[in-house]
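Enquirer: give me a model of this one.
(2 chains)
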Amino acid sequence: EAQVTQNPRYLITVTGKKLTVTCSQNMNHEYMSWYRQDPGLGLRQIYYSMNVEVTDKGDVPEGYKVSRKEKRNFPLILESPSPNQTSLYFCASSPWGGGRNQPQHFGDGTRLSIL
Amino acid sequence: ILNVEQSPQSLHVQEGDSTNFTCSFPSSNFYALHWYRWETAKSPEALFVMTLNGDEKKKGRISATLNTKEGYSYLYIKGSQPEDSATYLCASSGTYKYIFGTGTRLKVLA
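Expert: Have a look, this model is predicted:
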């Protein structure tokens, strides 16, 4: 089954404790992206990747890191999480470089609470 | 940051009613307009991607139009059903970035 898989689905942690949210897709998609969703603000793009080893900032990259060492994986790293990073996070992928005219496929989301 | 705006914010309709929502986007640096359907506790699912001015797409009772010159897209639902209840998101994509609107929350009353 074609899918985007995120882990964990839920996480409660404390300020400053490094965490990684994994994202993996099995569709051989070139483009992958991370979003956060906050009430009243809609989905905001954190980082995206056009292909292996090629990443760039979205609109809200502060406090986040990403890497794309393999085509299928695009982990989101919070080196020193803070309470303002409490949010619902989605990973998404689409077929080819940029994915501009292709729909994105979304993972099931990760709800992070940082105390 | 480009602004994508959706209206109305929320909408209640009776089963069988037809309805439509609006997505407004800046026409500069535009490449594609995306519509997604997002049910509570699930992930957004793609409905349409449109790129050309005048594009019209249809999937069952749902259709969408695109006007890139004036920067808007309409989503239409004909004969709404309770299972159409969801948040409908639009997003404008430029080069590699996506800008989402805050969505229109539709509730269809049986």
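Enquirer: average pLDDT for stretch A:27-40?
Expert: Across stretch A:27-40, pLDDT averages out at 94.
Enquirer: what of stretch A:11-21?
Expert: For stretch A:11-21, mean pLDDT rounds to 96.
Enquirer: what of stretch A:47-62?
Expert: On average, stretch A:47-62 scores 94.
Enquirer: now stretch B:19-38
Expert: 91.
Enquirer: span of it from start to end?
Expert: 17 Å (CA to CA, to the nearest Å).
Enquirer: repeat for stretch B:53-65
Expert: End to end - CA to CA - stretch B:53-65 spans 9 Å.
Enquirer: ok, the residue in chain B that chain A sits nearest to - contacts?
Expert: For chain B and chain A, the shortest gap (CB to the nearest CB) falls at B:Ala46, measuring 3.2 Å. (Glycine included, C-beta is placed from N, CA and C.) For B:Ala46, the contacting residues are A:103-105, B:34-36, by CB atoms under 8 Å, 6 or more residues apart in numbering or on different chains.
Enquirer: quick check: residues of chain A near chain B?
Expert: A:31, A:33, A:35, A:40-45, A:48, A:50, A:56, A:58-59, A:90, A:98-109 (CB under 8 Å from any CB of the partner chain).
Enquirer: mind doing that once more with 7 Å?
Expert: Proximity of chain A to chain B (CB under 7 Å from any CB of the partner chain) is limited to residues A:40-43, A:45, A:48, A:50, A:56, A:58-59, A:90, A:98, A:100-104, A:106-109.
Enquirer: and these, which of them are in strands?
Expert: Using DSSP state E, the subset of the residues of chain A next to chain B located in strands is A:42-43, A:45, A:48, A:50, A:56, A:90, A:106.
Enquirer: got a ChimeraX select line for the buried ones in these?
Expert: To isolate the buried members of these in ChimeraX, using 16 or more other CB atoms under 10 Å in any protein chain shown:
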select /A:42,43,45,48,50,90,106
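Enquirer: how about the ones in strands among the residues of chain A next to chain B, which pair is most distant?
Expert: A:Gly42 and A:Met50 (22.9 Å; CB to CB).
Enquirer: that's a helix at B:Glu70, yeah?
Expert: No. Looking at B:Glu70 with DSSP: H, G, I helix; E, B strand; the rest coil, it is coil, so not inside a helix.
Enquirer: I am finished for the moment; much appreciated.
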